[in-house]
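> One predicted model, sequence on top.
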Amino acid sequence: MRVLVTGGAGYIGSVTTAMLLGAGHDVTVLDDLSTGHRDAVPDRARFVEADVRAAGDVLARERFDAVMHFAARSLVGDSVADPADYWHTNVGGTTALLDAVRAHGVGRFVFSSTAAVYGDPAAIPIRETSETRPTNPYGASKLAVDHMIGSYATAYGLAAVSLRYFNVAGAHAGLGERHARETHLIPLVLEVARGLREHIVIHGTDWDTPDGTCIRDYIHIADLARAHLLALDAAVPGRHEVCNLGNGTGFSVREVVDTARQVTGHPIPSREGPRRAGDPAVLVAAAEHAAEFLGWRPELPDLAGIIADAWAFHSAPGTPADTAPGER
Ligand code: UFG
């Protein structure tokens, strides 16, 4: 298929682009490089440097079978402190993109949604039918887009899939997570192991969990990206399917830090800090629908393996991650 990947210079978008190319698809990446990296875009993909709102220009020039939409603002804490960009980019950007998709007759749409739409869930594991009450503007903006896509599918016949990611980590094909200002747990813990930080701060130790720290469902980037290729094939015209993507097992912040100590052999000092605004206590996926609808099952669920792959990416000399933090 001919696929336009928005946000294909970012972590998840670039790995998915590499997999799409490997599977024989023809890929164009559109990214404004506001948080992505030009050198993360695989060589065989065409690259357009532009805002997602300009995607219509690309879709007008040539015919595409599908759009995969990753371009977004994606940090929970930032979205609480400065929500405007989250509404403008995530909701405004996707509105413009969906209108272009409709205007130019693109049939398939795969969207990068999030577990943050569920907020503080009443029951664990979380199903797609669970109540959606986001606790931060990031989750709220992604939920608004999920609703928007659903209505476009029903009214205009779009074949659409929203994939609700739990906590993505690890690396694949030399591509990993590198943000100019890192806020995610696993890369930060590995920065301590690389000697770039003194310690990791644990955001809250008084949560209602067995060890008092937040629990998350960590999923390998390769498993996550693979689900996008399956979604491309599984999408049905006029339907909007929503699939959670997680392993169904939760690990606390302390367990992640301990596992990283074992993987890296570094003591990784930690300090206890206050809760972070917008964080839910526990997010663990029920991913049966992804198994049924996509035929997807995680192949790399082991937390130590996920962290080991991230560690290999971050600690290899000369890799792009070697320039982090603070550089793009
Ligand atoms: N954490 C710390 N110290 C840190 C960084 C994080 O204790 O220095 C904690 C957080 O408070 C949280 C856990 O580690 O409890 C995981 O935090 P991340 O920032 O790595 O990830 P989030 O759970 O906040 O968010 C991620 C994605 C979201 C997605 C969510 C779904 O960034 O896009 O997972 O589970 F919505």
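Happy to help now that I have it. Residues are numbered from 1 along each chain as shown.

> residues in contact with residue 95?
Going by CB atoms under 8 Å, 6 or more residues apart in numbering, residue 95 touches residue 148. C-beta here means a position set from N, CA and C on the backbone, and glycine is covered the same way.

> which element is it on?
helix 93-103 (DSSP states H and E).

> Just give me how far that helix sits from the chain centre.
Averaging C-alpha positions (CA atoms, centre = their mean, to the nearest Å) puts helix 93-103 21 Å from its chain's average.

> For residue 187, which non-adjacent residue is spatially closest?
On the basis of CB to CB, 6 or more residues apart in numbering, the spatially nearest residue to residue 187 that is not a chain neighbour turns out to be residue 177, at 5.1 Å.

> In contact with the one you found, which residues?
11, 169, 171, 184, 186-187, 221, 310, 313.

> show me which of these neighbour the ligand.
residue 184 (CB under 6 Å from any ligand atom).

> Let me have the contacts of residue 177 in TSV, extended by secondary structure, neighbour count and pLDDT.
Output for these, formatted as TSV (DSSP: H, G, I helix; E, B strand; the rest coil; neighbours: other CB atoms under 10 Å; pLDDT from 0 to 100):
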residue	secondary structure	neighbour count	pLDDT
11	helix	25	97
169	strand	24	98
171	coil	25	98
184	coil	17	94
186	helix	25	97
187	helix	22	97
221	helix	27	98
310	helix	26	98
313	helix	24	96
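
> what's the closest of the contacts of residue 177 to residue 152?
residue 11 (26.6 Å; CB to CB).

> how close does the closest residue to the closest one other than its chain neighbours sit to residue 170?
Leaving aside its chain neighbours, residue 11 sits nearest to residue 177 (4.7 Å; criterion: CB to CB, 6+ apart). Distance of residue 177 to residue 170, given as CB to CB, to the nearest Å: 8 Å.

> okay, now residue 161: neighbour count?
Residue 161: 28 surrounding residues under other CB atoms under 10 Å.

> same check, this time on residue 164
Neighbour number of residue 164 under other CB under 10 Å is 27.
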